Structures are given as C-alpha cells and as structure tokens.
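> need a structure here:
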Amino acid sequence: MEILERNAPCWCGSGKKYKKCHEAFDEKLKMYENKGVLIPSHEIIKTPSQIEKIRESAKINIAVLDYVAEHIQPGVTTQEIDDWVYKITTEAGGIPAPLDYEGYPKSVCTSINDQVCHGIPSEDVTLKEGDIVNVDVSTILDGYFSDSSRMFCIGEVGTEKQRLVDVTKECVEKGLEQVKPWGFLGDMSQAVYDHAHANGYSVVREIGGHGIGLEFHEDPWVGYIGKAGTGMLLAPGMIFTIEPMINMGGHEIFVDDSDGWTVYTEDGKPSAQWEIMVLVTEDGYEVLAY
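Modelled structure (predicted):
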C-alpha cells in the first residue's frame, strides 16, 4: 500500500491533511502488510460520513424485518412477504436491493426448510405450521446499502428444527464476539465453524458473507471455514455481513436448475441462517443491521 506525503489531503475525503487524519492508520496497515498479512484496501474502509448514511439505510432494513416479524404466520404466502418488503422499503424512500439484481425477480429472498438461501417469493408458496423460513432483506437508500436476515418459526416446528434455528443464531453471536480491530476475519470464521460442529451441524462452504455499504457485495468475501489468526486483517471502518448457513445434515448444496437461484441442501435436511451487518470500530464492533 502507498503512504502519502504527510501534508497531502487525506485519501478519505475528510479535507484534513494526511498527517492529521489517516497517516498513523496507514502506517499500522503497512506494518501488517510487511508481515505478509492480507490488509483491507482504502476502498473497503468507510469514512464517518459514509457510515452515517449506511446507518440510515440499515434503519429501514431493520424496520422491514420488524414488520415481517409482526405479521408472518401460517397461511401467509411468500409473495405477501415480498409485497410487504417492497411497500415498507419504498414508503421509507428506499429501494429493495435484490429487485432486478443480476436478474433476480423479487424484492426479498424467502428460503424455507431445506432451502439454504435465495428462495424466490411466490403466490403458490404458503407458509404452514412447522416451517422454518429465512427472510433476507437488503435496502438501498440514497445509494447506500444494508443487508440482514432473520429466521422465523411458523407455529410449532418441533425440537430439532427449533434447535437448528437457535444454534445458528448462537453461531452468529459467537462469531461477532471475535470481531475486534486488528484481529482477523478467520477469528470470526473459526468461532462460527466450531460452534456449529460442536452441535452436530455442518457449515455451507460455497456461499458466505461480504463487504457492503457502497455496493451490494464488496470485498472481503466472508467464509466460515477459516482458521483463527488467518484471513483479512480487521481494521476500523470495515463493514461486512456475518451470515453463516448451517445445515442439519451435510454441507453439500445445489442450485435449482428451474429458476437458477434457489439453493437447497443436497440431502434434503433443513438449513438455517441469520445475518447481521457489522462495523469494525476503534474498540470493537457496532451491529448496524439485524
């Protein structure tokens, strides 16, 4: 990475001289880079003004999921959920990020039981007692992106499905505990993996979290099979999602050929996912969306 001249304007756009802004930050990154550590580029680091705008986007994302939580029940179609998401998001001045993203046809992803992710809402799919469903909401507000998802248990789902949902949430919480400035992405990954496997579950490998804020999907890619002390350095100003997909059975998955989007478990056993959006701060982390 490049160290600027001390009196040059800082790369972050603050208007301050480099020496009074990000010089010490960059020198610390350079020290890690010289040790062979993968460091975040300046494009990954969000400025205070960008973070504030991302927070505003996240407020809509949270409100949408709160609405879903209040209204989801047996008999609701996944298309109704999509309608709710579109209405609440647009009334708040936002845009559903999934809509038309790389051809995706709806405003939200609704993934039920053995659907791992990217389930497409439909008038033909009605939630019934015993289903577990992930509702994955993503929002654009004034060009700034947010993303989070929650699991919902429809009525009584039985002890096995309930345990899967609960342990998956615990995996996210265990991972979050490891998010610290100047730590490593692998610290979070191993915490997620270890907790899932300690409970007899498997972790999906091919699909993971991502950086977010100025784009829907940014670097770094966030997997959950990494080892502590490895992976990208976590620096203040980074924003990424923690969203492990935890399977009751094996980790193998496949994409439905008929729609090109919906991901299923290979063995037909249930899968669960919770997603939060996290900012690395000077003294820990801040959860921006959940």
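> drop to CA atoms for contacts and neighbour counts, all remaining ones
Noted.
> Which parts of the stretch 1-150 of the chain are strands?
95-96, 109-112, 115-117, 132-141, 144-153 (DSSP state E, counting those that start in this stretch).
> Which residue would you name as the spatial centre of the protein?
T241 (3.0 Å; Cα atoms, centre = their mean).
> Please look at it and Q273 and confirm they touch.
No - shown here, T241 and Q273 do not form a contact pair, counting by Cα atoms under 8 Å, at 12.0 Å.
> before we move on, the earlier item: wait, a helix at the residue nearest to the centre of the chain?
No - according to DSSP: H, G, I helix; E, B strand; the rest coil, T241 belongs to no helix; its state is strand.
> Dig out what it forms beta bridges with.
Beta-bridge partners for T241, by DSSP bridges, are M277.
> same question, Q273
M245.
> Show the average pLDDT along stretch 250-259.
Average pLDDT, stretch 250-259: 97.
> oh sorry, the question was meant for stretch 162-176
98.
> Counting neighbours, which bits of it end up buried?
162, 164-165, 167-176 (16 or more other Cα atoms under 10 Å).
> and what of stretch 200-211?
Buried residues in stretch 200-211 (16+ other Cα under 10 Å): Y201, S202, V203, V204, I207, G208, G209, H210, G211.
> what do you get for stretch 211-230?
211-214, 216-220, 222-228, 230.
> cool, stretch 51-60 as well?
Using 16+ other Cα under 10 Å as the test for burial, stretch 51-60 gives I51, K53, I54, R55, E56, S57, A58, K59, I60.
> what residues are up against the residue nearest to the centre of the chain?
Applying Cα atoms under 8 Å, 6 or more residues apart in numbering, we find T241 in contact with D147, S148, G209, H210, G211, I212, V222, E275, I276, M277, V278.
> Could you check how many residues crowd around the closest residue to P74 other than its chain neighbours?
In space, and not counting its chain neighbours, P74 is closest to K128: 4.7 Å by Cα to Cα, 6 or more residues apart in numbering. K128 sits with 17 neighbouring residues when counted by other Cα atoms under 10 Å.
> ok, K128 - contacts?
Applying Cα under 8 Å, 6+ apart, we find K128 in contact with Q73, P74, G75, I154, G155.
> what does I276 give?
Counting by Cα under 8 Å, 6+ apart, I276 has contacts D147, S148, S149, V172, T241, I242, E243, V287, L288, A289, Y290.
> Pick the one among the residues you listed closest to S258.
For those, the closest approach to S258 (Cα to Cα) belongs to S149, at 24.5 Å.
> Just list the residues touching the closest one, thanks.
S149 makes contact with L65, N134, V135, D136, V137, Q273, W274, E275, I276, Y290, according to Cα under 8 Å, 6+ apart.
> Include pLDDT and distance to G250 when you put those residues into CSV, please.
Listed next are these as CSV, based on pLDDT from 0 to 100; distance: Cα to Cα, whole Å:
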residue, pLDDT, distance to G250
L65, 98, 29
N134, 99, 19
V135, 99, 22
D136, 98, 23
V137, 98, 26
Q273, 98, 15
W274, 98, 18
E275, 98, 21
I276, 98, 24
Y290, 98, 27
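> Next, give me the two most distant ones among those.
L65 and Q273 (14.3 Å).
> Between the two, which is the more surrounded one?
Neighbour count, other Cα under 10 Å: between L65 and Q273, Q273 has more, with 28 against 23.
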